[in-house]
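Peer 1: sharing a sequence plus its predicted fold:
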Amino acid sequence: MKIAPKWFAGQLFGVAVLITAAAPLAAQTGTFVDRWAATDLRVVTYNIHMDDIFADDNPVQAAKFVRVMQALQPDVINLQEIYNHTAAQTSSLMDSILPLGGGATWYAHKSGDKVLVSKYPLKMKATDTIPDPPGTNYAMALVDLPDGQFQRDFYFMNCHFQCCSTEGAEARRQEQADALVNWMRDARTSGGKVNLPKGTAMAVVGDLNVVQGPAPVYKLLNGNIVNEGIYGPDSPPDWDGTSLADAHPVHNGSGTTDWTRKQGKNPPYRLDYVLYTDSVLGIANHFVLNTVSMTDAERSATGLHRYDVTLSTSNYDHLPVVVDFRFPSAVALSPDQDPPR
């Protein structure tokens, strides 16, 4: 597993690149919630529990979601467990929570219970990998970032892997990881079912449900395909022929606590992940939001309440995971330059 983004070393596919500091951003709250630079792209992944962000489903939880979104100010949101509401309803909800102004609206793409929501247009929308594990889908799309602000576009794969510890569940999660590794190989290779411009940022995000241990995540990071007969040989998923990086945020940006789901008397688990191609981008601020462990001063500064990320005073379910991505200022591939395979 990688420790630091490769582009900080000043090389991309063996070609020197220019790295400049991102523009400073005045603190909005003076807390860990603040973005470190105006040019950082804030991405959130959040299993929101059974449509609870909608007032017609759960007005108490919906009010909490409003406060969380207004505090975080995300650019791209990957939601899971939206079963009974459409992509249009989700984008309309975000329009009401965080209006973009100037007639702009949020974009949304839904597949199964997963919704990818973005301030920026979504292209290359897909719901299934090819081949695709039976009964599996992903909300996948290329976020078309403004050329004047961001150096490259960003391809997201929003996932909700097989749940629980029932018979066959672990094998199913591994098959879902296999499918994504194969899909990313296809995206990096000319022809096939999906083609991305060389060096496009990619991230696998969402609830990976690794309740029986992180083996499927490790294999996904490294491109270690188990069922090669269906999904092809191993394929390290980054553009430079290496593994993905794990953002691995911790609670409120400090300490070592990293679980993202805690329910009842069950032990807490780290189930929600952000895995990304660190050959072409890095991360800045990143954290798991836990409003219960925030100080009173932090909650006051951000407008958050103590139990805004819980279902009750004792039941957390999933916590929001926040990662600010940072793009190098000058990274380019010449038209005839291919990354290593």
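Peer 2: Great, that's in hand.

Peer 1: hey, where'd the helices end up in the protein?
Peer 2: Under the criterion DSSP state H, the chain contains helices at 59-72, 87-97, 169-188, 215-222, 228-231, 296-302.

Peer 1: deepest of those helices, which one?
Peer 2: Stretch with highest mean neighbour count among those: helix 169-188 (a mean of 23; mean count of other Cβ atoms under 10 Å). In this view, the C-beta of every residue, glycine as well, is placed from N, C-alpha and C.

Peer 1: which elements pack onto it?
Peer 2: Using 3 or more Cβ pairs under 8 Å, 6 or more residues apart in numbering; DSSP states H and E, the elements in contact with helix 169-188 are strand 154-160, strand 201-207, helix 215-222, helix 228-231.

Peer 1: the nearest residue to Thr29 once chain neighbours are set aside and Lys123, how far apart?
Peer 2: Using Cβ to Cβ, 6 or more residues apart in numbering and skipping residues adjacent in sequence, the residue nearest Thr29 is Ala301, 4.3 Å away. Relative to Lys123, Ala301 is positioned 37 Å away (criterion: Cβ to Cβ, to the nearest Å).

Peer 1: pLDDT weak spots in the stretch 201-341 of the chain?
Peer 2: Counting by pLDDT under 70, the ranges of the stretch 201-341 of the chain that qualify are 329-341.

Peer 1: just checking, Ala55 touches Ala62?
Peer 2: Yes: under the criterion of Cβ atoms under 8 Å, Ala55 makes contact with Ala62 at 4.2 Å.

Peer 1: circling back to that earlier point, as TSV, the helices and strands packed on helix 169-188 with distance to Ala245 would be great.
Peer 2: Rendered in TSV, the data for the helices and strands packed on helix 169-188 read as follows (distance: least, Cβ to Cβ, whole Å):
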stretch	distance to Ala245
strand 154-160	15
strand 201-207	10
helix 215-222	8
helix 228-231	22
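
Peer 1: of all these, which lies closest to Asp240?
Peer 2: strand 201-207 (12.4 Å; Cβ to Cβ).

Peer 1: partners of that closest one, with directions?
Peer 2: Paired with strand 201-207 in the same sheet, following DSSP bridges, are strand 154-160 (parallel), strand 272-276 (antiparallel).

Peer 1: switch those strands over to JSON lines; also include distance to Asp258 and mean neighbour count.
Peer 2: Converted to JSON lines, these look like this (distance: least, Cβ to Cβ, whole Å; neighbours: other Cβ atoms under 10 Å):
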{"stretch": "strand 154-160", "distance to Asp258": "19", "mean neighbour count": "26"}
{"stretch": "strand 272-276", "distance to Asp258": "10", "mean neighbour count": "27"}
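
Peer 1: in JSON lines: the ones you listed, plus distance to Arg326.
Peer 2: As requested, those are exported to JSON lines (distance: least, Cβ to Cβ, whole Å):
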{"stretch": "strand 154-160", "distance to Arg326": "12"}
{"stretch": "strand 272-276", "distance to Arg326": "11"}
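
Peer 1: just so I know, which of those strands lies nearest Gly229?
Peer 2: strand 154-160 (22.5 Å).

Peer 1: got the angle for the closest one vs helix 215-222?
Peer 2: Strand 154-160 runs at 170 degrees relative to helix 215-222, counting by axes from the mean of the first three to the mean of the last three Cα atoms, to 10 degrees.
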